[in-house]
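Q: Structural data only, the sequence is not supplied:
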């Protein structure tokens, strides 16, 4: 029995050590507050006032610019909400465009800007072409494609010509304008020849006006 006593004492000490370790681990787990996984909600995590954001091309040249009175970033969809937005397209090979609206949502890694509330797109004059203005409650800008469009009612003023319709698409890269479901088209004599040439380039239906502004 005396020979077994040291072994029994060692086993007892080992048991106490294991039990103590288990108790300490359990106590620590209960004592340390572990935060639950963060809920992904549409709540801003960053903001800025009177900001300017600039996007550049592969050569480092500025091609797009976003300005506004106030900006909020939402991490759940990586979007930006802008108050009193001003989006400027300034590609070297295209006329400058300026989009303004009460608010704007920029998402898809900056490749889409949805302008809402008094949305206005102004294409500055270039060469012998007059300015182009588009007004709607919502305009969607695709900066990478240099395109603006809407499926809502829009008023397009191209020089002295006016087109009113539901749905519009303007490609600033090749300077083509399409107005869908047009309800009122007034093309001035100065612009009629350009409009006629554009219509002869492809088939058109009665509710589809296309021109090169």
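A: Sure thing, it's come through. Worth saying up front: this structure is predicted, and the values here are computed from it rather than measured.

Q: phi, psi of the nearest residue to residue 111 once chain neighbours are set aside?
A: Leaving aside its chain neighbours, residue 111 sits nearest to residue 144 (5.0 Å; criterion: Cβ to Cβ, 6 or more residues apart in numbering). Just so you know, the C-beta spots here come from the backbone N, C-alpha and C atoms, and that holds for glycine as well. When read as degrees, to the nearest 10, the backbone of residue 144 gives phi -70, psi -30.

Q: show me where pLDDT drops low in the protein?
A: Low-confidence segments of the chain (pLDDT under 70): 1-10, 12-13, 16, 27, 29-39, 184-211.

Q: And the residue nearest the centre of it?
A: residue 106 (2.3 Å; Cα atoms, centre = their mean).

Q: Please determine how far the closest residue to that one other than its chain neighbours is located from residue 100.
A: With Cβ to Cβ, 6+ apart as the criterion, residue 106 has its nearest non-adjacent residue at 4.4 Å, and that residue is residue 80. Applying Cβ to Cβ, to the nearest Å, the value for residue 80 to residue 100 is 16 Å.

Q: ditto for residue 142
A: On the measure of Cβ to Cβ, residue 142 and residue 100 end up 17 Å apart.

Q: residue contacts, residue 77?
A: Residue 77 sits next to 42, 107 when contact means Cβ atoms under 8 Å, 6 or more residues apart in numbering.

Q: The chain should start at 356 in everything you say after this.
A: Understood, numbering begins at 356; the last thing we discussed is residue 432.

Q: Tell me the backbone dihedrals of it, please.
A: The phi/psi pair for residue 432 (degrees, to the nearest 10) reads phi -120, psi 10.

Q: And the strands in the protein?
A: For the chain, the strands defined by DSSP state E occupy 401-411, 417-429, 434-444, 452-462, 467-478, 487-497, 502-513, 516-526, 531-535, 537-541, 563-566.

Q: mind listing what's buried in the third one?
A: The neighbour-count check on strand 434-444 (16 or more other Cβ atoms under 10 Å) flags 434-437, 440-444 as buried.
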